[in-house]
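Chemist: Structure for this input, please:
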Amino acid sequence: MATIKQHRPAYFSGFDNEEKSFSSLEELLNIEFVNSFKLLPNGELNPDFHQYSISKEQSHIPNGCILMAEYKKGLEWWVIGYINDNEIIKELPIWKPKP
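Modeler: Model prediction:
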């Protein structure tokens, strides 16, 4: 079963990063800390949310990848977490930084 380990920037302290298992893309995108990236604090869909994507660059997990949240048509982005599986997420677009 695949897992995702939550990412928080180094300046966050006092929190434990979650690690969740999933067996489908739908399960991955419904994990609370993943799903929260497309929502506003009031629970509505963030109009700036563009898409989830995958970065295979500089993953901290061998044969793994990084799940990204893109906003404003990909001009802004955040790292969500580290995934140890390449098969389930193959339907997601590859993240490409935009100038």
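Chemist: May I ask you to confirm that Phe49 is in contact with Lys73?
Modeler: No: counting by Cβ atoms under 8 Å, Phe49 sits too far from Lys73 to count as a contact (10.4 Å). (Each C-beta comes from the backbone N, C-alpha and C, glycine too.)
Chemist: Please identify which of the two sits among more neighbours.
Modeler: Phe49 (15 against 10; other Cβ atoms under 10 Å).
Chemist: The nearest residue to that one once chain neighbours are set aside: what's it in contact with?
Modeler: Of all residues not flanking Phe49 in the chain, Lys38 sits nearest, at 4.3 Å (Cβ to Cβ, 6 or more residues apart in numbering). Applying Cβ atoms under 8 Å, 6 or more residues apart in numbering, we find Lys38 in contact with Leu45, Asn46, Phe49, Tyr52, Ala69.
Chemist: With secondary structure, distance to Ile94 and pLDDT as new columns, can the residues you listed be given to me in JSON lines?
Modeler: Formatted as JSON lines, the contacts of Lys38 follow (DSSP: H, G, I helix; E, B strand; the rest coil; distance: Cβ to Cβ, whole Å; pLDDT from 0 to 100):
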{"residue": "Leu45", "secondary structure": "strand", "distance to Ile94": "23", "pLDDT": "97"}
{"residue": "Asn46", "secondary structure": "coil", "distance to Ile94": "22", "pLDDT": "98"}
{"residue": "Phe49", "secondary structure": "strand", "distance to Ile94": "18", "pLDDT": "98"}
{"residue": "Tyr52", "secondary structure": "strand", "distance to Ile94": "11", "pLDDT": "98"}
{"residue": "Ala69", "secondary structure": "strand", "distance to Ile94": "14", "pLDDT": "97"}
